Every structure is written in C-alpha cells, then in structure tokens.
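Chemist: quick one, fold the following:
(one chain, ligands or ions: 1)
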Amino acid sequence: MKDVMVLTGAGQIGMAIARRMGYGMKIVIGDKRLENAQAVAKILNDAGFDAVAIQMDLSSRDSIKNLIGEAQRYGEITMLVNAAGVSPSQAPVETILKVDLYGTAVLLEEVGKVIGEGGVGVTISSQSGHRMPALTAQEDELLACTPAEELLALEMLQPRNIRDTLHAYQMAKRCNEKRVMWEAVRWGERRARLNSISPGIVVPPLAIDEFNGPRGDFYKNMFAKCPAGRPGTADEIANVAELLMSDRGAFITGADFLIDGGATASYFYGPLKPEI
Ligand SMILES: NC(=O)c1ccc[n+]([C@@H]2O[C@H](COP(=O)([O-])OP(=O)(O)OC[C@H]3O[C@@H](n4cnc5c(N)ncnc54)[C@H](O)[C@@H]3O)[C@@H](O)[C@H]2O)c1
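Modeler: Residues are numbered from 1 along each chain as shown. Purely as a prediction, here's the structure:
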C-alpha cells in the first residue's frame, strides 16, 4: 500500500502539481475524458511516477465517491489536487455551475471525510473570483456554508441572476475560495490542510480556447497591460502548490493564493481598470 494522491483534471496545471508533489505516491487521475487522464498517466509513468487513469465526472457525487473508492484500493488518500474544470468559453452557464461550483464543493466534502491525518489538498480556483465586485457578507457565507446539494438552488445562482458564462465562472470560483475556508475547518479536525490557488492566465488548452474565443482580445490586452507582461506557466502554479502542500506550508490552511502576474492589481488600480 502507498499514500495516494487523488488528481482530478488531467490538464497541464494538474500534471505540473502531480510531478512536483506526487513522487513515491500512487497518483489516481480522474478526468471526464479518459483519454486525457490516460495521456497524463503515461507521461508520469514514463517519468518514473506511479499513476493510474480513471474516468470520472466532477459534477456527479456518485462519480466522485467511486473515484475515492478506487483510490482507496491503493492506500490512504493523503493528497488532493483538484484541477478539473471548464472555462467560460468551453461550456454553458449550467455546466460551469454544476462542474466548477457544485462539483468542487462535493469533492472537497467527500475527500474531507477520508483524508489521512496530516493530509493536504489544493483546488484550482481562478483570478476570475477576484475580479467581480465584492458580494455581501451574507452571500459569501451562503457560498461557503450551504449544503452542497442545495447550492445550485441559491437565488443568486438562478439563470435570471447570472449574466453570462463569465459571470457563472466568477461565481463558481468565488464559491471555491469560500468553500475552502469552510472545509478547511472540517479538514482541520483530521489535522489536514486545504487551500485554493487562483491562477491568472496560464497556457494549457483551456487558456488557448479562451484566446481563440469571444474574449481573445480581452486576454491579449491583459498580457500587454499586466505587470508581468506575459501569461504564466503551469510550473509556476506548481511552485505555489509546493509551498502549500509541503511542510513549509504547515501553518497555511483555508487560504487562497492569487498568482496572476499582477493582472488583478492592474485591473483594480492600473491600466487594466475598466473604463466606466
Ligand atoms: N488555464 C488557465 O489559464 C486557468 C486560469 C485560471 C484557472 N484555471 C483553472 O484551472 C483548472 C484546470 O485548468 P487547465 O487550464 O489545466 O485546463 P485543462 O482544460 O487543460 O484541464 C481541465 C481538465 O478538466 C477536465 N474536466 C472538464 N470537466 C470535467 C468534469 N466534469 N469532470 C472531470 N473532469 C473534467 C477536462 O477534460 C480537462 O482534462 C480549472 O479549474 C480552471 O478553471 C485555469
């Protein structure tokens, strides 16, 4: 038996974190597209890791429980990396809310029931959660604490209150950050830690869909006007994950880390500030 890392979402960000933290572990990779999970498992196995691919759907509690059950066959789950998700140009509002908002909440809840003592988790949120105007304290609390099965019935998430797919994505990512705070308390009862990372634009396929989608010019402008002057790489996201998931991050839990090359800073107080 080995310690097990559960990785959901076989994209570049998930793979970069698995490569950084998954050595010596069994890495169980769940993805809706089995071929994505298999491709990442092959790259990892060819590099000396021990990975296995499983088909799963983050928007289904049964599928999440099945993934956890499969993972536990190899040993105790001591790491969670949630890098599964859909972006605003990839899916309709309903799917974004079901996968990114509801699915993430369920995954954090279900893994939190079984995570090993001293275990660690990260979930990938987004700078988008930092971009929208502040919600009220009550709205934030509803996103944090509403039972997962009731989340999608919240008034603020009904179609009449969601403008477009970007707004749905922003709400989902804001919910991820709040949910991590709420779940970190429960994870702490098992002496486990949980944090979220909010990346700016990094260049795996999800971002390429965004460049070529209806918001392509918006993103090119963002790179030109953000302090870093470029998009990020998945390995830079793994730098933050390494801090959060290693013993050096032992005092960090229930927190969100924005890593966006300064794009959000520029959006609020610099040249990326929207003209009103
Ligand atoms: N790439 C970026 O610029 C960027 C920026 C900020 C946040 N993020 C977030 O990072 C996470 C990973 O993004 P990425 O860029 O590596 O994307 P990616 O598209 O490379 O990988 C995402 C993976 O999630 C899988 N997936 C989609 N729906 C699923 C579902 N219902 N169940 C299981 N798997 C599912 C996809 O098949 C894909 O393999 C996402 O949550 C995304 O919102 C990405």
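
Chemist: when you scan the longest helix along the chain, is anything in it near the ligand?
Modeler: Among all segments of the chain classified by DSSP state H, the helix with the greatest residue count is helix 165-188. No. Applying C-beta under 6 Å from any ligand atom, one finds that helix 165-188 is not in contact with the ligand, the shortest distance being 7.1 Å. For the C-beta atoms, the positions are set from N, CA and C on the backbone; glycine is no exception.

Chemist: could you list every helix and strand that that helix packs against?
Modeler: For helix 165-188, the elements it packs on are helix 93-96, helix 104-114, strand 120-124, helix 128-131, helix 137-145, strand 193-199, judged by 3 or more C-beta pairs under 8 Å, 6 or more residues apart in numbering; DSSP states H and E.

Chemist: okay, it in CSV with CA atoms only?
Modeler: Listed in CSV are the C-alpha atoms of helix 165-188, where the atom choice follows Å, rounded to 0.1, in the frame of the first residue of the first chain:
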residue,chain,number,x,y,z
THR,A,165,-20.8,32.3,-18.8
LEU,A,166,-18.1,34.6,-17.4
HIS,A,167,-20.3,35.7,-14.5
ALA,A,168,-21.1,32.0,-13.8
TYR,A,169,-17.4,31.2,-13.8
GLN,A,170,-16.7,34.1,-11.5
MET,A,171,-19.4,33.0,-9.1
ALA,A,172,-18.1,29.4,-9.2
LYS,A,173,-14.5,30.5,-8.5
ARG,A,174,-15.6,32.8,-5.7
CYS,A,175,-17.5,29.9,-4.2
ASN,A,176,-14.4,27.7,-4.4
GLU,A,177,-12.5,30.2,-2.3
LYS,A,178,-15.2,30.4,0.3
ARG,A,179,-15.8,26.7,0.3
VAL,A,180,-12.1,26.1,1.0
MET,A,181,-12.4,28.3,4.1
TRP,A,182,-15.4,26.3,5.3
GLU,A,183,-14.0,22.9,4.5
ALA,A,184,-10.6,23.8,6.0
VAL,A,185,-12.2,23.8,9.4
ARG,A,186,-13.5,20.3,8.8
TRP,A,187,-10.3,19.1,7.3
GLY,A,188,-8.5,20.5,10.3
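
Chemist: for that helix, buried residues please.
Modeler: Using 16 or more other C-beta atoms under 10 Å as the burial criterion, the residues of helix 165-188 that qualify are 165-184, 187.

Chemist: got the angle for it vs helix 137-145?
Modeler: Between the axes of helix 165-188 and helix 137-145, defined by axes from the mean of the first three to the mean of the last three C-alpha atoms, to 10 degrees, the angle is 60 degrees.
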